[in-house]
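>>> Could you look at this predicted model? Sequence included:
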Amino acid sequence: QDYAYGRMDYEGSGRIKDIPDMLFEVRALAGPRLYQTESSSLHTYVGFAQRYLSDDSSGMRSSTNDLGYSREQYYWYIPIGLHWRYTLQNGWSVALRAEHDVFLRGLNYSGLSGVCGGTDGEFSQDQGVGYRMAINLMVPYGNDLHYVAIEPYYRYWEVEDSDTQLVYT
């Protein structure tokens, strides 16, 4: 599972800076080991995952004086991937991971009632795709139970625009 918290900048109908932003992701993965030797292994996996994103600009004003609002976004998807690891004689190891994320459904909630006193928006998304790639380097230190890991990674989502609806004020 992943958790991240930070601040983001919005640019659309005006600009709003430093909006609190949170991401939480839960994944359940399983799959067989395709092969293993003393120094390397290859696994494949499939699973189910949910991604949750929240940003809340309630009470903030944009550069065009528009009011901000809270927004929550959910994605449900199926991760399918390969994970290869190679261990060197000195205990160092390198791993490569590649994943294709099959988008199932997305829901967006927009807290518009706090802005205009009308109804909140609920929007669905039906098409999208995601990708993940990572390179992992593990270096032992101390005894056999301690490692330092460095893992640059790349994550990408392309999701179609959500449906639209008329929101009453």
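Received the coordinates, thanks.
>>> CA atoms for contacts and neighbours, from now on please.
Noted.
>>> who's in contact with Ile150?
136-138 (Cα atoms under 8 Å, 6 or more residues apart in numbering).
>>> In strands, which of the residues you listed fall?
The members of these that map onto strands under DSSP state E are 136-138.
>>> Got a quick PyMOL command for the buried subset of the residues you listed?
Buried subset of the ones in strands among the contacts of Ile150, written as a PyMOL selection, criterion 16 or more other Cα atoms under 10 Å:
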select buried, resi 136+137+138
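>>> list the contacts for the nearest residue to Gly128 once chain neighbours are set aside?
Spatial nearest neighbour of Gly128, chain neighbours left out: Val159 (4.0 Å); criterion: Cα to Cα, 6 or more residues apart in numbering. Contacts for Val159 (Cα under 8 Å, 6+ apart) come out as 125, 127-129.
>>> So which of the residues you listed are in strands?
125, 128-129.
>>> Which stretches in this structure count as helices?
Ranges of helices in the chain, per DSSP state H, are 113-116.
>>> lowest-confidence helix or strand of it?
Within the chain, no helix or strand scores below helix 113-116, which has a mean of 70 by mean pLDDT, DSSP states H and E.
>>> Give me the below-cutoff pLDDT ranges for the protein.
In the predicted model, the chain carries pLDDT under 70 at residues 114, 116-118, 144, 163-169.
>>> which residues does Leu29 bridge with?
Counting by DSSP bridges, Leu29 is bridged to Gly47.
>>> Show me the beta-bridge partners of Leu23.
Ala4, Leu53.
>>> shouldn't it be in contact with Ala4?
Yes: using Cα atoms under 8 Å, Leu23 is in contact with Ala4, at 5.1 Å.
>>> So for these two, which sits in the more crowded spot?
More neighbours surround Leu23 than the other of Leu23 and Ala4, with 16 against 10 (other Cα atoms under 10 Å).
>>> and Phe103, what is it in contact with?
75-78, 126-130.
>>> PyMOL command for the buried members of these?
Buried residues among the contacts of Phe103 (16+ other Cα under 10 Å), as a PyMOL selection:
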select buried, resi 75+76+77+78+128+129+130
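>>> Having no further points to raise, I will conclude here.
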